[in-house]
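**Student:** using only what follows, build the 3D model:
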Amino acid sequence: MAEIDTVIEDHRWAAAGLDMLAERAGRATLSWLGMDADIVVMGCDDARIADLNRDFRDKPQPTNVLSWPTVEHVDHAPGAHPPRPDIDELGDIAIAFETCEREAKAQDKRFDAHVTHLLVHAILHLAGYDHLNDADAETMEAAEREILLPLGINDPYLERA
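**Tutor:** Below is the predicted model of the structure:
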C-alpha cells in the first residue's frame, strides 16, 4: 500500500493538520489515478520554497506548491490524459504555509480546502498532468474537480473571489 509521508519543516503545518490533509488528498488522487505509489510532502515556509523555486526553476520567489516527479513524463496529445507511470515512488512535493494562507484568504476559501486542492494538483503533476496549453489545463482541472468533489470540496476554479 502506498505511503504518503509528511515532513514538517514549519510548525504551523503540524497545527494545520498537514499529515491528515496530505493523506486525504494523496489517497483520493492515487485512487482516481488507479495507482499505488509513495509520495513525500514537505510543509515549509515561504523562505524555504523561494529557495527551492530559485534552485529548481530559476524563479527566486515563493510559490504555493512545487513538485518533483520521480520519472520524466511521456509526451501525450494535448488534452489527453497522460500515460500512467508504472512506478512505486511518484515523487516529492513542497508546500508553503504563508502563500497558501494568503491565497485562501484572498480567494475566500477554507485553508484546508485550498491546501487539499493544491496537493491534488501537485500529485497530478507528479503523475504527468500539466497545464502548459488550454487543452491540458482543461483536462487537469476536470481531473481535480472529479477528485475534490467526493471530498466535499467544490470546484476551486469557480470559488475564486
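**Student:** wait, residue 78 touches residue 137, no?
**Tutor:** No. Assessed by CB atoms under 8 Å, residue 78 is found out of contact with residue 137, at 9.8 Å. All C-beta spots, glycine's among them, are computed from the backbone N, C-alpha and C.
**Student:** which one of these two is surrounded by more residues?
**Tutor:** Neighbours per residue (other CB atoms under 10 Å) separate residue 78 from residue 137, with residue 137 holding more: 16 against 12.
**Student:** check which residues of stretch 148-161 are buried.
**Tutor:** By 16 or more other CB atoms under 10 Å, the buried positions in stretch 148-161 come out as 148, 153, 156.
**Student:** count the residues that sit near residue 16.
**Tutor:** 19.
**Student:** what about it, distance to residue 130?
**Tutor:** Between residue 16 and residue 130 the distance is 27 Å, computed by CB to CB, to the nearest Å.
**Student:** next: residue 88.
**Tutor:** 22 Å.
**Student:** next one: residue 144
**Tutor:** 13 Å.
**Student:** equivalent analysis for residue 27, please.
**Tutor:** Residue 27 is 22 Å from residue 130, by CB to CB.
**Student:** just to revisit the earlier point, and residue 88 and residue 130? which has more neighbours close in?
**Tutor:** residue 130 (14 against 11).
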